[in-house]
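1. here is my input, please return the structure:
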Amino acid sequence: MPTPGAESRVLIASDDLALNAALADLLRQYRPALNAEGFDTVPADVARRERLRLLIIGEVASDRAALDLLQSVKNLHPDLPVLIVSAHPTVEHATESIRRGAEDFVPVPYSEDVLMKEVARVLEAAELRDRIASLDRLVSVRFGFERIISRSARMQAVFDRATAGARSDVPVLIVGETGTGKELVARAIHGNSRRAKRPFMAVNCAALPRDLVESELFGHRRGAFSGAVTDHVGLFAAAHGGSLFLDEVGELPLDVQAKLLRVLQDGDVRPVGALEGRRVDTRIIAATNRTLAEMRDEHMRQDLFFRLSVLVIDLPPLRDRREDLPLLVSHFLAAIRERHGRQVDAVDPQAFDLLAEYPFPGNIRELENMLEGIAIALPAEQRTIREDDIRAWLRRRGAVVDGPRPAAPALPLKLQELERWAIREALQQAHGNKSQAAQLLGISRDTLYRKLHDLGILIEVSDSLT
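-> Okay, here's the model as predicted:
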């Protein structure tokens, strides 16, 4: 009897040595690459076969022994495909074999062509599962939290809340300015959740045509409206078992928001033109570049807002996490080298100082586009981005980077005093309008309220500037 080899992919288990040898010869004849080996078989031997793709149980003496072996193997390796080659081809035996998890039941005498087609089908399915598993691992890395580059304390809170979101199925609302990486966080939540192997569908609600919003989200039936020549499944049903990312969710029309609320409450989607709905298991991750106050008061039904904001993740703008600039610049330059073959290795200190001063209204996306645009336009021999390169890029986009700076007023030096001065100055300029003051400061209104509270100036400001 041959010794088990580490590369064996097919195991033949039979109490008949002649059948055992015949099956092994047949496998080698049809698939020379297979390393098919025969054994008297014990389930423990099977359990040690890490590369095993198929078990063939060929029995002559007892169909009960074959069923017991099948059950033992399935208890150890529920995903291992098993074929039964039986000299006792009764309906009851075949039915019981399939019920216990056998892929198929082949009677003896068997057709060699039929048997080998079945073997080929099982092996191809196993190889496909391996490729899908490899792809899942790749996607998990590609869209995991490790792709979110940061050493900022502000971002640690984001990671903590996103990790909590990945552990549950509750709706998540990601709040952040344009370009802060909201979809990246959404993909990381999905990729680290129990739904990671199911679809992740993303849609920008602001880009959906007004008359097609319902059809895109919930689907439609053929003939439901002019141009509906076929059924359309819709994004909710397409993401069944997985996650649907609704970017700029506050831009949905109010009537569509009502239907979205019904789906969230009941898990029932009714396509346009359909009389009945269908059940879906789709996790919602939504995002907006508006503040929570704006979403609650101006852009969303309150009942939908409360339903979507079970877990809120507030993404800070780049200007509030400037300690991440060196990491982000290094990452984007490496990506540019790989993508375009441009050997741009560094940003000189003066250029980096200019980057640190720039407010980046487009946040991380603007930084990436800036570096890519500059790197591509550099002379072939230049490998460092200089201050003049940054200035030229900013000037072309209308940013004021030249000329004398206005004289700065005397400023307090302590950080808390500086923050307090800046907030009071912004409120004075905005005549007490806190939304305008937050815009002047480059922070969200919620952040402004938090700072007013933390700095102990809420009562002071409300008394004098309301």
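2. now do the residue nearest in space to the middle of the chain, the pLDDT please.
-> Nearest to the mean C-alpha position of the chain, by C-alpha atoms, centre = their mean, lies residue 187 at 2.5 Å. As predicted, residue 187 sits at a pLDDT of 92.
3. how far away is it from residue 285?
-> According to C-beta to C-beta, to the nearest Å, residue 187 and residue 285 sit 9 Å apart. The way it works is simple: take the backbone N, C-alpha and C, and place the C-beta from them, glycine included.
4. which residues are in contact with both of these two?
-> Counting by C-beta atoms under 8 Å, 6 or more residues apart in numbering, the residues touching both residue 187 and residue 285 are residue 245.
5. re the thing from before, quick one: the residue nearest to the centre of the chain is in a helix?
-> Yes. Membership of residue 187 in a helix is supported by DSSP: H, G, I helix; E, B strand; the rest coil.
6. that one reaches residue 200, doesn't it?
-> Yes. Counting by C-beta atoms under 8 Å, residue 187 touches residue 200, with 6.3 Å between them.
7. give the contact list for residue 285.
-> 165, 171, 172, 174, 186, 189, 190, 243, 244, 245, 246.
8. burial count for the last one?
-> What it means is residue 246. Residue 246 has 25 neighbouring residues, counting by other C-beta atoms under 10 Å.
9. skip the chain neighbours and tell me the closest residue to it.
-> Using C-beta to C-beta, 6 or more residues apart in numbering and skipping residues adjacent in sequence, the residue nearest residue 246 is residue 286, 4.5 Å away.
10. name the helix or strand for residue 124, please.
-> Using DSSP states H and E, residue 124 sits in helix 112-142.
11. and after that helix, which helix or strand comes next?
-> Proceeding N to C from helix 112-142, the next assigned helix or strand is helix 153-166, under DSSP H and E.
12. show me what that following helix is packed against.
-> When contacts are defined as 3 or more C-beta pairs under 8 Å, 6 or more residues apart in numbering; DSSP states H and E, helix 153-166 packs onto helix 182-191, strand 311-314.
13. dump these to a markdown table, plus distance to residue 277.
-> Formatted as a markdown table, the helices and strands packed on helix 153-166 follow (distance: least, C-beta to C-beta, whole Å):
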| stretch | distance to residue 277 |
| --- | --- |
| helix 182-191 | 24 |
| strand 311-314 | 27 |
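14. quick one, which of these gets closest to residue 370.
-> Closest of these to residue 370 is helix 182-191, at 18.3 Å (criterion: C-beta to C-beta).
15. what's the closest one packed up against?
-> Checked by 3+ C-beta pairs under 8 Å, 6+ apart, helix 182-191 has helix 153-166, strand 172-175, strand 200-204, strand 243-247, strand 283-288 packed alongside it.
16. and the contacts of the longest one?
-> Counting by C-beta under 8 Å, 6+ apart, the neighbours of helix 153-166 from elsewhere in the structure are 145, 148, 150, 172, 185, 188-190, 192-193, 285, 311-316, 320-321, 324.
17. now list the buried members of those residues.
-> By neighbour count, with 16 or more other C-beta atoms under 10 Å, the contacts of helix 153-166 hold 145, 148, 150, 172, 185, 188-190, 192-193, 285, 311, 313-316, 320-321, 324 as buried.
18. low-confidence ranges in the stretch 151-300 of the chain?
-> Under the criterion pLDDT under 70, no range of the stretch 151-300 of the chain is flagged.
19. how about residue 384, phi and psi?
-> phi -130, psi 130 (degrees, to the nearest 10).
20. same thing with the one 10 residues further on?
-> In this entry, residue 394 is assigned phi and psi values of phi -70, psi -40 (degrees, to the nearest 10).
21. that one contacts residue 359, correct?
-> No. Residue 394 is not in contact with residue 359 according to C-beta under 8 Å; the separation is 10.9 Å.
22. give me the more crowded residue out of these two.
-> residue 394 (17 against 12).
23. separation between the more buried one and residue 354?
-> Look at residue 394 and residue 354: by C-beta to C-beta, they are 8 Å apart.
24. can you pull out the helices in the stretch 201-350 of the chain?
-> For the stretch 201-350 of the chain, applying DSSP state H, counting those that start in this stretch gives helices covering 213-218, 235-238, 254-266, 292-294, 302-308, 325-340, 349-357.
25. check which helices and strands the second one sits against.
-> Counting contacts by 3+ C-beta pairs under 8 Å, 6+ apart, helix 235-238 is packed against strand 200-204, helix 213-218.
26. can I get those in TSV with distance to residue 10 and mean neighbour count?
-> Formatted as TSV, these follow (distance: least, C-beta to C-beta, whole Å; neighbours: other C-beta atoms under 10 Å):
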stretch	distance to residue 10	mean neighbour count
strand 200-204	36	18
helix 213-218	47	22
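27. where does the stretch 1-150 of the chain have low pLDDT?
-> Residues of the stretch 1-150 of the chain that meet the criterion pLDDT under 70 lie in 1-8, 30-51, 59-63, 128-146.
28. one step back: how about the residue nearest to residue 246, what does it touch?
-> Residues in contact with residue 286 (C-beta under 8 Å, 6+ apart) are 171, 172, 173, 174, 245, 246, 247, 249, 308.
29. contacts for the helix or strand that contains residue 95?
-> Assigned by DSSP H and E, residue 95 belongs to helix 91-99. For helix 91-99, contacts defined as C-beta under 8 Å, 6+ apart pick out 63, 66, 67, 70, 84, 86, 104, 105.
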